[in-house]
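can't give you the sequence, but here's the structure:
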């Protein structure tokens, strides 16, 4: 779609950042109604990361939604011609002709729909039922138009609709369990009931059209309510903050809208599986007293839960108080063991992206600096990080991070921990800026007292635990314990932020493994999961799979190093320290270890052989230069509150081993032919072989390094979920001008070690 416009001001539909892009496949085009909402923005971000093509965001507030594009200002060469914002004046769904025009001209096959209820702003009034009916009519009109457009163009489309329960109908069906006093106009939780009615209509009308799939997502109490309706409010002296709501004393189901960034793309990837399903999601149930304790622990302020009665909340002087009281009363009455929301369903939908539903504590880490919390006095202005301690500076990661921090004028001191601070790398780092660099020995970090002394006055910590010395085939529990001790010391010394480099957790790869369930287990899964969700595949809980996984890890100990690092990251998160988790990719530097001189003669010229483990040479590997890691980490420390709680999978390329071999040949062999030097004439005959290395094989001159790397690369390359977890777009925010794999190879064309392995002078 190149342009959509009408001449009238009130119903103008325009595109911002719209340019044609022939490289994007039409069948991956997505359309998001409600792009300026919290859910809409999360879904757009998820679709970008999942690699969808053109993404159209429909909103009635273009100025507000434009902030989304501003977040991608450094990603223009990735997102240019991919994210478009369409403005539909008067409401995104209010005009059926506009909806039809957008559906017809975008030809989007993947559609996310979220709607808002235009409730009256006064507290106690009639008019809520009218707002419910208006929302229902808009949803109904959308599905009618969808069918109409399908009859005209015959294009398959897949819709995900974000909904809530039809509470009014539930009260009629079961007034003993749900007894919610209706408002003056007879409405019951109108901001939910209209959506619930619309979902039922959509499921009914689309059931006659197999090419139009609909998956309904029914959400529970959202964490975002703690930014508005249930935000802790202070007393006059700002000595105590209260969460005041009629949410009862029992646990209620909760959920983070951000998780839709992973759930919606997964549904779009498998529309036939989730078609005609009502997926009732939850991250788990929590008591409001526990939520208040989490607020207290995070902000260091006295936050308590003040349970109101329904009538007390309905009488509050806040907009739509009566409707909000109904909503809270519904969750308080509908929670507990009788709830139909399913954590198993949410987990199963997120596992392909190697994620789990956010807990409230994790959500709070991401939103702790929100404007709403600042306005009520829970947060103070962020103090900049000016001193950083880099552990394991001997590693390529550590030394690159330390060097990048010294290029940052905001950082006044860098403490680098080396195993030998008289080593050449340590002396080279110190020489960069003796006034800002402090060298420390690893012996200063082996007990609690020395760690506390080392970290006194430190604002930030970079951690990259190196377990390679012990061998990847053996889990080094000492290194893991050492990392945990560092985290404990950070908490005692009030370190503001940790950037933790980790690798993929095998435990979170369970969706990618082949599970051989017993007959009893399969029967149990079929009965519990399929009955409640109508899914055509069984859903498995984390607990069920962990037991099997433990057995598998005993059989494959070479993978334990990955899981150990992930467990350390999980411990840091449990200590409520603000942390950014950086998931490491493959480095181009690693490929040096995978190249040896083959010792095979072809036309009197030695071939260069690349030894590699995975049998599937076309599997994509996330790749990024370790130099870019340093620059990315330095930027994270500059904006640590923005990245607190985030998990960033690093990648500047997704490349196959066969492509690596081709790049090596082009740069090291074919480029030499261009010089027309007779000395290198035979280089035209050189090839780069790919040899699969098995666990029992030994490669001369490499020790176990080839086998160890091969085992890990083989695991990562077989998982499409690993690729999904690494985002080029997010890296470009941290590193606007990254070094791609081919650029790195060109820069290292004359690297003596690399050239020697290739048999070059």
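Arrived safely, thanks for sending. Since this is a predicted model, take the numbers as computed values, not measurements.

from here on, contacts and neighbour counts on C-alpha atoms
Fine.

quick one: contacts for residue 132?
Under the criterion of Cα atoms under 8 Å, 6 or more residues apart in numbering, the contact list for residue 132 reads 117-119, 190-191, 193-194.

weed out the non-buried ones from these.
Using 16 or more other Cα atoms under 10 Å as the burial test, those include 117, 119, 190-191, 193-194 as buried.

list the buried ones in stretch 130-148?
Quick answer for stretch 130-148 (16+ other Cα under 10 Å): 130-147.

quick check: mean pLDDT of it?
On average, the pLDDT along stretch 130-148 is 95.

quick one: residue 744 is in a helix?
Yes: counting by DSSP: H, G, I helix; E, B strand; the rest coil, residue 744 is located in a helix.

burial count for it?
Around residue 744 there are 17 other residues, counting by other Cα atoms under 10 Å.

make 428 the starting number, not 1.
That works, and once the first residue is 428, the last one we named lands at residue 1171.

how about residues contacting stretch 538-549?
By Cα under 8 Å, 6+ apart, stretch 538-549 touches 457-461, 466-467, 470, 554-555, 558-559, 562, 566, 584-590, 617-618, 622, 691, 745-747.

one step back: select, from the buried ones among the contacts of residue 559, the two members most distant in space.
Greatest spacing in the buried ones among the contacts of residue 559, by Cα to Cα: 546 and 620 (12.6 Å).

which element is encountered next along the chain beyond the helix ranked longest in the chain?
Criterion DSSP state H: the longest helix present in the chain is helix 555-580. Helices and strands here follow DSSP states H and E; after helix 555-580, the next one along the chain is strand 584-590.

state the mean pLDDT of that following strand.
97.

same thing with stretch 664-677?
In this model, stretch 664-677 has a mean pLDDT of 90.

identify the residues contacting it?
For stretch 664-677, contacts defined as Cα under 8 Å, 6+ apart pick out 657-662, 713-716, 719, 728-737, 740, 752, 755-756, 758-759, 762-763, 804.

of the residues you listed, which belong to helices?
Those of the contacts of stretch 664-677 lying in helices (DSSP H): 715-716, 719, 737, 740, 752, 755-756, 758-759.

tell me the one of those nearest residue 1163?
residue 719 (39.6 Å).

residues in contact with the closest one?
By Cα under 8 Å, 6+ apart, the neighbours of residue 719 are 670, 730-732.

let's go with 10 Å and repeat that
Neighbour list for residue 719: 659, 668-670, 725, 729-733 [criterion: Cα atoms under 10 Å, 6 or more residues apart in numbering].

buried subset of the contacts of stretch 538-549 as a PyMOL selection?
Buried residues within those, by 16+ other Cα under 10 Å, are selected in PyMOL with:
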select buried, resi 457+458+459+460+461+466+467+470+554+555+558+559+562+566+584+585+586+587+588+589+590+617+618+622+691+747
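
sorry, back to before: derive a ChimeraX selection command for the buried subset of the contacts of stretch 664-677.
Per 16+ other Cα under 10 Å, the buried members of the contacts of stretch 664-677 correspond to this ChimeraX selection:
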select :657,658,659,660,661,713,714,715,716,719,728,729,730,731,732,733,734,735,737,740,752,755,756,758,759,762,763,804
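
re earlier: JSON lines for the ones in helices among the contacts of stretch 664-677, including distance to residue 687 and pLDDT?
JSON lines is the format used below for those (distance: Cα to Cα, whole Å; pLDDT from 0 to 100):
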{"residue": "715", "distance to residue 687": "23", "pLDDT": "96"}
{"residue": "716", "distance to residue 687": "26", "pLDDT": "95"}
{"residue": "719", "distance to residue 687": "25", "pLDDT": "95"}
{"residue": "737", "distance to residue 687": "31", "pLDDT": "91"}
{"residue": "740", "distance to residue 687": "30", "pLDDT": "93"}
{"residue": "752", "distance to residue 687": "26", "pLDDT": "93"}
{"residue": "755", "distance to residue 687": "22", "pLDDT": "94"}
{"residue": "756", "distance to residue 687": "25", "pLDDT": "92"}
{"residue": "758", "distance to residue 687": "21", "pLDDT": "93"}
{"residue": "759", "distance to residue 687": "24", "pLDDT": "90"}
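
name the nearest of those residues relative to residue 701.
Among the ones in helices among the contacts of stretch 664-677, and counting by Cα to Cα, the member closest to residue 701 is residue 758, at 25.8 Å.

confirm for me that the closest one is in contact with residue 647.
Yes: counting by Cα atoms under 10 Å, residue 758 does reach residue 647; the two are 7.8 Å apart.

if we can go back for a sec, go through the buried ones among the contacts of residue 559 and name the one with the lowest pLDDT.
Lowest in pLDDT among the buried ones among the contacts of residue 559 is residue 546, which has 86.

help me confirm that that one is found in a helix?
No: assigned with three-state DSSP, residue 546 falls outside any helix and is coil.

can you pull the contacts of the residue nearest to residue 560 when sequence neighbours are not counted?
Of all residues not flanking residue 560 in the chain, residue 621 sits nearest, at 6.3 Å (Cα to Cα, 6 or more residues apart in numbering). Residue 621 makes contacts with 542-544, 556-566, 590-595, 615, as judged by Cα under 10 Å, 6+ apart.

could you rerun that using 7 Å?
Residue 621 is in contact with 559-560, 562-563, 593, counting by Cα atoms under 7 Å, 6 or more residues apart in numbering.

and those as a markdown table, adding distance to residue 525?
Listed next are those as a markdown table, based on distance: Cα to Cα, whole Å:
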| residue | distance to residue 525 |
| --- | --- |
| 559 | 22 |
| 560 | 20 |
| 562 | 16 |
| 563 | 18 |
| 593 | 27 |
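
re the thing from before, switch the buried ones among the contacts of residue 559 over to JSON lines; also include distance to residue 772.
Below are the buried ones among the contacts of residue 559 laid out as JSON lines (distance: Cα to Cα, whole Å):
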{"residue": "544", "distance to residue 772": "27"}
{"residue": "546", "distance to residue 772": "31"}
{"residue": "617", "distance to residue 772": "26"}
{"residue": "618", "distance to residue 772": "24"}
{"residue": "620", "distance to residue 772": "23"}
{"residue": "621", "distance to residue 772": "24"}
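
looking at those, spot the one nearest residue 1078.
Closest to residue 1078, out of all of the buried ones among the contacts of residue 559 and judged by Cα to Cα, is residue 544, at 40.0 Å.

can you confirm the residue nearest to residue 560 is in a helix?
Yes: assigned with three-state DSSP, residue 621 falls within a helix.
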